[in-house]
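Asks: this one's structure only:
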């Protein structure tokens, strides 16, 4: 009986760990800090990478970029994303290469992700659905929010 119970807990632990791993963003092009702007036609267009795997500025350069971007900084980590006074925990992450969008000037297959998050800002919470892709150094994001609740 004890062995069966222990085996059940081990299976539950392993299944939970696998579920958490599936909810991680892995695309190194997307992970990092970005300076966002809003375009009514395209949703959020995150023009300038402040830092990620491909852009690793020096401390002074990063401080200058952060100062210039101000409150428009967003970041994407493997398990969560956020901005000034905003945080989102990933509930679901799906990633693929979209060969209809350019990766760079010569090749296709833009890293693309669909993320469902649980977000909070101050006393409000909601669910956020993001569809994003990275193409030629620019991160494009479409966002849809629902279930807004404020205390």
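Replies: Sure thing, it's come through. Worth saying up front: this structure is predicted, and the values here are computed from it rather than measured.
Asks: got the contact list for residue 33?
Replies: Going by CB atoms under 8 Å, 6 or more residues apart in numbering, residue 33 touches 49-52, 66, 73-75. C-beta: built from backbone N, CA, C; applies to glycine.
Asks: Going through those residues, which ones are buried?
Replies: Among these, the ones that count as buried by 16 or more other CB atoms under 10 Å are 49-52, 73-74.
Asks: From residue 137, how far off is the spatially most central residue of the chain?
Replies: The residue lying closest to the centre of the chain (CA atoms, centre = their mean) is residue 76, at 4.0 Å. Separation of residue 76 from residue 137 (CB to CB, to the nearest Å): 15 Å.
Asks: immediately after the helix or strand of the chain with the lowest mean pLDDT, which helix or strand?
Replies: In the chain, the helix or strand scored least confidently by mean pLDDT, DSSP states H and E is helix 2-22, which has a mean of 41. Per DSSP states H and E, the first helix or strand lying C-terminal to helix 2-22 is strand 32-39.
Asks: That next one pairs with which strands, and in what direction?
Replies: In the sheet, strand 32-39 lines up against strand 43-51 (antiparallel), strand 73-76 (antiparallel) (DSSP bridges).
Asks: Among those, show the one with the smallest mean pLDDT.
Replies: Note on the strands paired with strand 32-39: strand 43-51 shows the lowest mean pLDDT, a mean of 64.
Asks: what comes up buried for stretch 56-65?
Replies: In stretch 56-65, counting by 16+ other CB under 10 Å, buried: residue 65.
Asks: from now on call the first residue 24
Replies: Got it, first residue is 24 now, which makes that one stretch 79-88.
Asks: ok, residue 50 touching residue 132?
Replies: No. Residue 50 is beyond contact range of residue 132, at 11.4 Å (criterion: CB atoms under 8 Å).
Asks: Between those two, which is the more surrounded one?
Replies: residue 50 (22 against 15; other CB atoms under 10 Å).
Asks: Let's see the pLDDT reported for the more buried one.
Replies: On the pLDDT scale, residue 50 gets 94.
Asks: How about it: what's its closest non-neighbour residue?
Replies: residue 134 (4.0 Å; CB to CB, 6 or more residues apart in numbering).
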